[in-house]
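Asks: Okay, here's the prediction I keep looking at, along with the sequence it came from:
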Amino acid sequence: MIVLAHVSDIHIDSEERSVARATQVFDYLNGLPGPLDAILVTGDLADHGLAEEYEKVAKLFSNSPTLLHCPGNHDSRGPYREVLLGEATAETPINQVHRVSGAVFAMCDSSIPGRPDGYLADETLTWLESVLVDAGDAPVFVCFHHPPVALHAHFIDSIRQTGEDRLAALISRYPNVVGILCGHAHTGAATTFAGLPLLVAPGVVSTVMLPCETEEIADLDLPPSIAFHVLDDDRRLTTHYRVVSPRL
């Protein structure tokens with residue numbers, strides 16, 4: 001069995017609020033009495049893509065031993081690479097693969113520099129196929145920031161990932177893919193994509209509301225939320241969503 005914590009959209013900026021909310025989440029996760037195989041953060045780590053924001057992100061991540069992340073539309077590839085990965089500045093997609101507890105995590109870059117919507121570049125899809133081939137029989141999680149389907153939250157749907165037919169055609173050829181994990185929506189959601197579970201992490205910095213709930217796009221006062229994903233020995237994927245409220 002593999003147990004994952006899934007966090008997204010911490011949007012660290014110069015204000016204390018974003019840091020406090022993210023710290024609340026990571027303190028909760030790092031204080032759990034039971035083990036986690038990994039913590040995944042699916043994008044929008046920084047709010048403006050600044051080096052000083054990534055310095056704060058690095059500090060937040062420093063106490064979590066197995067932490068995997070990918071960029072979102074608010075991130076900037078150059079500072080992201082320099083501060084979080086210790087790499088030279090480059091504008092090519094930031095794609096990373098990790099093996100954790102017998103599973104493979106393909107952390108894909110769905111960002112388009114300078115734009116809020118998402119797209120998996122051809123080079124990212126080529127890279128992803130090589131990951132799927134190399135994984136053999138191991139279960140694979142495909143992870144990125146932008147949802148590749150409409151979630152019926154109007155603002156988010158207008159800036160979702162496009163070109164998704166290419167991704168669907170690719171992963172449909174590899175039965176070892178067990179789920180797709182993403183963020184961007186600032187609301188916990190569960191649906192399907194290419195016949196597989198598509199699981200969206202809630203937002204840490206804010207919660208996007210549905211049209212039936214309010215005319216406002218987002219609620220800044222609701223507490224941050226996260227997801228726990230459990231992959232059992234039969235490769236059945238179960239998700240639990242949690243609100244992380246301050247401890248009294």
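Replies: Received the coordinates, thanks.
Asks: what about Val25, how many residues close to it?
Replies: When neighbours are defined as other CB atoms under 10 Å, Val25 has 22 of them. (Glycine included, C-beta is placed from N, CA and C.)
Asks: correct me, but Ala103 touches Ala138?
Replies: Yes. Contact status for Ala103 versus Ala138: in contact at 6.2 Å, counting by CB atoms under 8 Å.
Asks: Against Leu125, how distant is the nearest residue to Ser8 once chain neighbours are set aside?
Replies: Spatial nearest neighbour of Ser8, chain neighbours left out: Gly183 (2.8 Å); criterion: CB to CB, 6 or more residues apart in numbering. Using CB to CB, to the nearest Å, Gly183 is found at 20 Å from Leu125.
Asks: quick one, helices of this structure?
Replies: 16-30, 51-61, 77-79, 122-134, 154-157, 164-171 (DSSP state H).
Asks: Columns mean pLDDT on top of the ones you listed, output as JSON lines?
Replies: Shown next, in JSON lines, are the helices of the chain (pLDDT from 0 to 100):
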{"stretch": "helix 16-30", "mean pLDDT": "96"}
{"stretch": "helix 51-61", "mean pLDDT": "97"}
{"stretch": "helix 77-79", "mean pLDDT": "97"}
{"stretch": "helix 122-134", "mean pLDDT": "98"}
{"stretch": "helix 154-157", "mean pLDDT": "91"}
{"stretch": "helix 164-171", "mean pLDDT": "98"}
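Asks: returning to what we had before: more crowded one of Ala103 and Ala138?
Replies: Ala103 (20 against 13).
Asks: who has more neighbours, Gly183 and Leu125?
Replies: Ranked by neighbour count (other CB under 10 Å), Gly183 and Leu125 place Gly183 first, with 30 against 18.
Asks: So the more buried one sits against Asp9, correct?
Replies: Yes. If you go by CB under 8 Å, Gly183 and Asp9 touch, sitting 5.3 Å apart.
Asks: shared neighbours of the two, which are they?
Replies: Gly43, Asp44, Gly72, Ala201, Gly203 (CB atoms under 8 Å, 6 or more residues apart in numbering).
Asks: Give me the sheet partners of the helix or strand of the chain with the lowest mean pLDDT and which way each runs.
Replies: Among the helical and strand segments of the chain, the one scoring lowest on mean pLDDT, DSSP states H and E is strand 218-219, with a mean of 88. Strand 218-219 sits in its sheet next to strand 207-208 (antiparallel), going by DSSP bridges.
Asks: Geometric centre of the protein: which residue is closest?
Replies: Centroid-nearest residue in the chain: Thr42, 1.5 Å away (criterion: CA atoms, centre = their mean).
Asks: That one touches Cys70, doesn't it?
Replies: Yes. Counting by CB under 8 Å, Thr42 does reach Cys70; the two are 6.0 Å apart.
Asks: Need the residues touching each of these two.
Replies: Jointly contacting Thr42 and Cys70 under the rule CB under 8 Å, 6+ apart are Cys143, Phe144, His145.
Asks: Can you lay out those as TSV showing distance to Ser172?
Replies: Shown next, in TSV, are these (distance: CB to CB, whole Å):
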residue	distance to Ser172
Cys143	18
Phe144	17
His145	22
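Asks: List just the nearest of those residues to Asp234.
Replies: Top of the list for closeness to Asp234, among the shared contacts of Thr42 and Cys70 and by CB to CB, is Cys143 at 21.5 Å.
Asks: give me the number of residues near that closest one?
Replies: Around Cys143 there are 28 residues (other CB under 10 Å).
Asks: Skip the chain neighbours and tell me the closest residue to it.
Replies: Leu181 (4.5 Å).
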